[in-house]
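Trainee: have a look; sequence and predicted model below, questions after that.
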Amino acid sequence: MKFRKVSLAALVLGLSASMAGAHGDVAPQPVDTTGLPELGDEWLIENPYRAEAVGEETWKRALEIGSSGYNQNCARCHGLEVVSGGLAPDLRFLEAEEYGDEWYMERYRLGYTQNGITKMPAFEELLGQEAGWAIRTYIETRPDTDMMEEASPELKEIRDQLAAWAEDASGADSAGAQARLAEIAAGIETLSGAPVADSVAYRAANLLAAEPDAYGEAAEILTIGLSAAH
C-alpha cells in the first residue's frame, strides 16, 4: 500500500505554524446523528464506527453524517474533501488506528488556542461524541489524490457515458459500468490506512448497484467529485 504516515510531532508543528486566523470566528453547526449507536458519557479513544465494529450499513451512515458534519464545521480550515490548502494540518494522513484516533479526539474535544486566541473551538460540548467519531470516519476514508488523478480520465469517460444513457437508455450497460466503477474504486487507497476509500468511483458504483437505472445521478456524483478533486 502506498501509505504516507504523518507523525504526531509533524501534525502539531503544522498546526502551530499554520492556523493563524483560522476557526475562532466560525459558529459550529449542529450535526444530526440520527441512526448512529449512542456512545454514552465516557469518551472513547478509538473510532467505534468502523465497519468491522458496527457493520457496513452503520459505517455508511457514519460516513454520511460525518461528511455533512465535516463540511459544515471543518472544511473552512481543513479544506474540501479534507485536502488542506496549508491553513491547517492535512488530516487525511492521520493514521486510522488508535494512535491517530487519540490525537484527533483530543483536538476535537479541547480545541486549539494560540497566544490566547481560539484557532479551533472545542467541540466536546458543542457537537458531542457521536458527531465527532462520524467526522473521524469521513476523514479517514478520503482517497489518495494521486490515485484519483490517475483514474480521472477513465472516470470522465464513464461519467459521459452515464450522462448519455440518462438521455437515451437504449443499449445501456448498467451492470458493466457498475462493475468497472467498483473495480476502479477497489484500486484507490486511503492516505490514512483505512481499508476503504470513499471515492467518487465507490459512491457511483454503490448507487448503480442499488439503482441500476440511476444514470443521471451517478454521472452527477462523478461530475461533482472530479470537479472537487481539482
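Mentor: Thanks, I have the structure now.
Trainee: mind listing the helices for this structure?
Mentor: Counting by DSSP state H, the chain has helices at residues 8-18, 51-54, 56-73, 75-78, 98-110, 129-140, 145-167, 174-186, 200-210, 215-229.
Trainee: pick out the shakiest of the ones you listed, pLDDT-wise.
Mentor: Mean pLDDT values for the helices of the chain show the minimum at helix 8-18, a mean of 38.
Trainee: separation between residue 64 and residue 94?
Mentor: 20 Å (Cβ to Cβ, to the nearest Å). (Each C-beta comes from the backbone N, C-alpha and C, glycine too.)
Trainee: more neighbours: which of the two?
Mentor: More neighbours surround residue 94 than the other of residue 64 and residue 94, with 25 against 16 (other Cβ atoms under 10 Å).
Trainee: quick one: residues contacting the residue nearest the centre of the chain.
Mentor: Note on the chain: the residue nearest the mean C-alpha position is residue 138, at 3.4 Å, using Cα atoms, centre = their mean. Each residue near residue 138 by Cβ atoms under 8 Å, 6 or more residues apart in numbering is listed here: 62-63, 66-67, 69-70, 82, 198.
Trainee: if we go to 7 Å?
Mentor: 63, 66-67, 70 (Cβ atoms under 7 Å, 6 or more residues apart in numbering).
Trainee: most neighbours among those, which one?
Mentor: Neighbour-wise, those (other Cβ under 10 Å) top out at residue 66, 27 neighbours.
Trainee: re earlier: so which of the helices of the chain is the most packed in?
Mentor: helix 129-140 (a mean of 26; mean count of other Cβ atoms under 10 Å).
Trainee: tell me what angle that one forms with helix 56-73.
Mentor: Relative orientation of helix 129-140 versus helix 56-73 (axes from the mean of the first three to the mean of the last three Cα atoms, to 10 degrees): 90 degrees.
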